[in-house]
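K.L.:
Could you look at this predicted model? Sequence included:
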Amino acid sequence: MVAHADISDMLGAWALDGCNDTEAAAVQAHLEECADCAAQARRLRSAVGWLGIDQVQPAPAALRQSTLATARARRAPAAWVTLTNAYADQVALLDAALADMSPIDWRRADSRHGDVRGMLGHLAGNDALLAAELGLPAVPMPTTDDGSAMRAAWRTQADAMLAGIAEADPGRPARLAGPGRRPVRTLRDALVQRAFETWTHRDDIGVTRTIPAPEQIHRIVELAVALLPAALRVNDPANADRAWRLVLHGSGGGDWTVPTGAARIEVTIGADAVDFARLAANRRQPRMLAHTVTGEQALAEAILRVATTLGCD
Amino acid sequence: MPEDRADDARLRERLLAGDDDALAEAYDRWSTLIHSLAMRITADHGAAQDVTQDVFVHLWQHPDRYDPHRGALRSWLCLNARSRAIDWLRRRCAQDRHHTAAAAIAPPPAKVDDVIVWYTEAKVIREAVAALPDPQREAVLLAYYQGRTYREVARDLGIPEGTAKSRLRAALSRLAGCLAAEGILER
């Protein structure tokens, strides 16, 4: 049995990993029993946790990718959990924004859906389409024009979806939301689209704009790029089946060639990834998108124009 | 648990579930801190990058080893980074006696930083360390930056072991007081 005073004296050395193993074990054992020393130990340890931070030197940008890649190679991520969490995050953000709304806020005009309540009804309706496809219960939409009732219905629908998809197969076919033709993709893509649309509407009503995690932006862009060839075929057949490249920088950026591996690229478009995601949400017009074009201007314009029609809004 | 600790607990849950966005989030939040710390201890770009990468890969592989009840995740990551950086320093010193200590105890470069993130914290810590009485500062910097045990600190400074222990404790306690007064120290 080591005396309290001896241990107490030792705590500084212990917090700095500066005792021998026997001493460290004696400290640990004492901390289990003595609340005062345990509190003191936590405090000193916290100070050690800050001590070396007396200058700021950010890691080189390239280290992020290599660290995440190494981590994923050591332990495979549960991709589906990542996606359902990303959707849950957007649901929570929108819900928090809605929580602050007054009756007047709910009636604020929305160019696409009349007012905020209408916009939320539209979102809930799109959520319900996917829920129905998965055989999940559809939540009835309120008939009153009370905004908070609409919020409750939307949230119930979203929660039912989150509960229902946890065990679902992400690779199973599912239709995307959108006006007119609704392409059949996978549940994975459909969920990325749900999170995307939820984010877009959050930003429609929010005082400040939010930006999802870089990985989520990357998935949004990836989905948009995957949908573009078919959308071009429908909306601009003359420019379909041509070879182009999209180089997006900033958070969530990347480099996409369509079709994959195409040898002779006809145009390369460069832009910010978050800006491009907003374009794909039809929240930014091509002429308002800061971008660079290398190659055929007309093809670039066609691609950007069609990107606003993907139905992710 | 305080609010930020609840965040840490949630992040841990997500990491345990295999959510790799959570790892990216942790990296974006704390990599500057971890890299700064590793640079400060190793004074070597390659080593600092290796330490930074190892700290986050370790977090991804063993999120269960972090216990939210024992402190902030940031603190846990910093302690982990320090111990990896010290290990590197020891291996390096074993190879090259000349390198001993030179880098680690050197004052931070004059051009401190042009980044806003963590700037306030770094400034508070610089000032808190500078305000320590010389004997305490000497002891704590030896132990912190070079991974010296209290016995080695006593030997290096030619003081009794009991004095080394009490200087380390007094220095940390004083730092904790300064950091708490500035609202930096987590509860």
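P.N.:
That came through, no problem. On a predicted model such as this, the values are computed, not experimentally measured, just so you know.
K.L.:
For the rest of this, base every contact and every neighbour count on C-alpha atoms.
P.N.:
Noted.
K.L.:
How is chain B divided into domains?
P.N.:
B:3-104, B:112-181 (automatic domain parsing).
K.L.:
how about these in TSV, adding mean neighbour count, mean pLDDT and distance to chain A?
P.N.:
Below are the domains of chain B laid out as TSV (neighbours: other CA atoms under 10 Å in any protein chain shown; pLDDT from 0 to 100; distance: least, CA to the nearest CA, whole Å):
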stretch	mean neighbour count	mean pLDDT	distance to chain A
domain B:3-104	20	88	4
domain B:112-181	19	90	4
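K.L.:
With distance to residue A:12 added, can I get those domains in JSON lines?
P.N.:
Output for the domains of chain B, formatted as JSON lines (distance: least, CA to CA, whole Å):
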{"stretch": "domain B:3-104", "distance to residue A:12": "14"}
{"stretch": "domain B:112-181", "distance to residue A:12": "4"}
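K.L.:
So which bits of the stretch 51-200 of chain A are right by chain B?
P.N.:
A:51-59, A:63-64, A:66-68, A:70-72, A:74-79, A:81-82, A:85 (CA under 8 Å from any CA of the partner chain).
K.L.:
now those residues: which count as buried?
P.N.:
Neighbour counting with 16 or more other CA atoms under 10 Å in any protein chain shown marks A:51-59, A:64, A:67-68, A:71-72, A:77, A:81-82, A:85 as buried within these.
K.L.:
helices or strands next to the helix or strand harbouring residue A:223 in the packing?
P.N.:
In the assignment (DSSP states H and E), residue A:223 maps to helix A:214-235. With contacts defined as 3 or more CA pairs under 8 Å, 6 or more residues apart in numbering or on different chains; DSSP states H and E, the packing partners of helix A:214-235 are helix A:187-205, strand A:254-258, helix A:273-280, helix A:297-307.
K.L.:
what's the most buried one of the ones you listed?
P.N.:
helix A:273-280 (a mean of 24; mean count of other CA atoms under 10 Å in any protein chain shown).
K.L.:
what's the angle from it to helix A:297-307?
P.N.:
Per axes from the mean of the first three to the mean of the last three CA atoms, to 10 degrees, the angle that helix A:273-280 makes with helix A:297-307 is 70 degrees.
K.L.:
Identify the spatial nearest neighbour of residue A:31, chain neighbours not counted.
P.N.:
Closest residue in space to residue A:31, ignoring its immediate chain neighbours: residue A:38 at 4.8 Å, by CA to CA, 6 or more residues apart in numbering or on different chains.
K.L.:
Heading C-terminal from the helix or strand that contains the one you found, find the next helix or strand.
P.N.:
Here residue A:38, judged by DSSP H and E, is contained in helix A:35-51. Sequence-wise, the next helix or strand downstream of helix A:35-51 (DSSP H and E) is helix A:62-74.
K.L.:
Point out the other elements, helices or strands, that that following helix touches.
P.N.:
So helix A:62-74, by 3+ CA pairs under 8 Å, 6+ apart, packs with helix B:20-42, helix B:45-61.
K.L.:
Now do the following helix or strand past the shortest one and helix B:20-42, the angle between them.
P.N.:
Towards the C-terminus, the helix or strand next in line after helix B:45-61, according to DSSP H and E, is helix B:73-95. Orientation check (the same axes, to 10 degrees): helix B:73-95 against helix B:20-42 gives 40 degrees.
K.L.:
got the angle between helix B:73-95 and helix B:45-61?
P.N.:
Helix B:73-95 runs at 140 degrees relative to helix B:45-61, counting by the same axes, to 10 degrees.
K.L.:
what's the angle between helix B:73-95 and helix A:35-51?
P.N.:
70 degrees.
K.L.:
And the contacts of helix B:73-95?
P.N.:
Identification of contacts with helix B:73-95 by CA atoms under 8 Å, 6 or more residues apart in numbering or on different chains yields A:46, A:48-50, B:5, B:8, B:30, B:33-34, B:37-38, B:41-42, B:47-48, B:51-52, B:55, B:66, B:99-100, B:145-147.
K.L.:
now swap in stretch B:8-22 and tell me
P.N.:
By CA under 8 Å, 6+ apart, the residues outside stretch B:8-22 that reach it are A:72, A:76-79, A:81-82, A:85, A:213, A:215, B:23, B:26, B:60, B:63-64, B:66, B:68, B:72-73.
K.L.:
Strands of the stretch 101-250 of chain A, start to end?
P.N.:
When secondary structure is read from DSSP state E, counting those that start in this stretch, the stretch 101-250 of chain A shows strands at A:109-110, A:114-115, A:173-175, A:184-186, A:244-249.
K.L.:
if we can go back for a sec, who wins for proximity to residue A:299 among the domains of chain B?
P.N.:
domain B:3-104 (34.5 Å; CA to CA).
K.L.:
Run through the stretch 151-300 of chain A and note the low-pLDDT ranges.
P.N.:
Residues of the stretch 151-300 of chain A meeting the criterion pLDDT under 70: none.
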